[in-house]
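Colleague: Provided below for reference: sequence and predicted model.
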Amino acid sequence: MKPFHMLLPAVIFLGAGGAHAAGKSPIEQRYTATYNRCMNTGDAGQGVTSAMMACTEAERNFQDGKLNQVYKMVISRLPATRQDDLRRSERNWIKVRDAVCAKELTGEFAGGSMSRVTWLGCLVDETIKRTMALEQYR
């Protein structure tokens with residue numbers, strides 16, 4: 001299943017009901033109820049990109065906070081010899097995330113306001129993926 005940021009245009013035009021019928025990916029299951037409500041009501045629910053960006057930016061901040069909590073928990077339980085490896089891994093992940101999500105700014109919606117929405121959605125999805133990976137880090 002494609003990450004939500006890739007499906008976002010279809011959800012906007014087709015309505016969120018179809019997305020729920022197909023089931024949620026593990027990434028989508030991590031979205032907050034606040035985000036889901038925000039995207040499905042008011043201006044965001046009507047497809048107003050500035051409102052969608054506000055919803056997605058708030059979710060990105062929340063998910064980034066969760067990632068930071070998990071990172072701190074993981075690094076605190078590692079021996080010093082492995083902490084540097086995790087720090088390097090995290091710096092590399094940031095570079096990869098930025099490169100992956102930069103494609104959203106030059107892709108199908110390049111130059112339009114929707115490219116920023118899909119870019120923010122990509123950041124949210126990649127942050128959730130990293131949080132999930134760190135939760136399994138041993």
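Modeller: Ah, there it is.
Colleague: in stretch 113-128, what's buried?
Modeller: 114-128 (16 or more other C-beta atoms under 10 Å). C-beta coordinates here come from the backbone N, C-alpha and C atoms, glycine included.
Colleague: Also stretch 74-81?
Modeller: Using 16+ other C-beta under 10 Å as the test for burial, stretch 74-81 gives 74-75.
Colleague: Other residues contacting that stretch?
Modeller: For stretch 74-81, the surrounding residues in contact (C-beta atoms under 8 Å, 6 or more residues apart in numbering) are 83, 86-87, 134, 137.
Colleague: longest helix of the protein?
Modeller: helix 49-77 (DSSP state H).
Colleague: Now do it, average pLDDT.
Modeller: Helix 49-77 comes out with an average pLDDT of 97.
Colleague: immediately after that helix, which helix or strand?
Modeller: Using DSSP states H and E, the next helix or strand after helix 49-77 towards the C-terminus is helix 80-106.
Colleague: Could you pull up the mean pLDDT of that following helix?
Modeller: 93.
Colleague: any idea of the angle that helix forms with helix 49-77?
Modeller: Between the axes of helix 80-106 and helix 49-77, defined by axes from the mean of the first three to the mean of the last three C-alpha atoms, to 10 degrees, the angle is 170 degrees.
Colleague: for stretch 92-102, which positions count as buried?
Modeller: Within stretch 92-102, the residues that count as buried by 16+ other C-beta under 10 Å are 93, 97, 101.
Colleague: Could you do stretch 58-69 as well?
Modeller: Of all the residues in stretch 58-69, those buried under the rule 16+ other C-beta under 10 Å are 58-60, 62-63, 66-67.
Colleague: Please consider this matter closed, and thank you.
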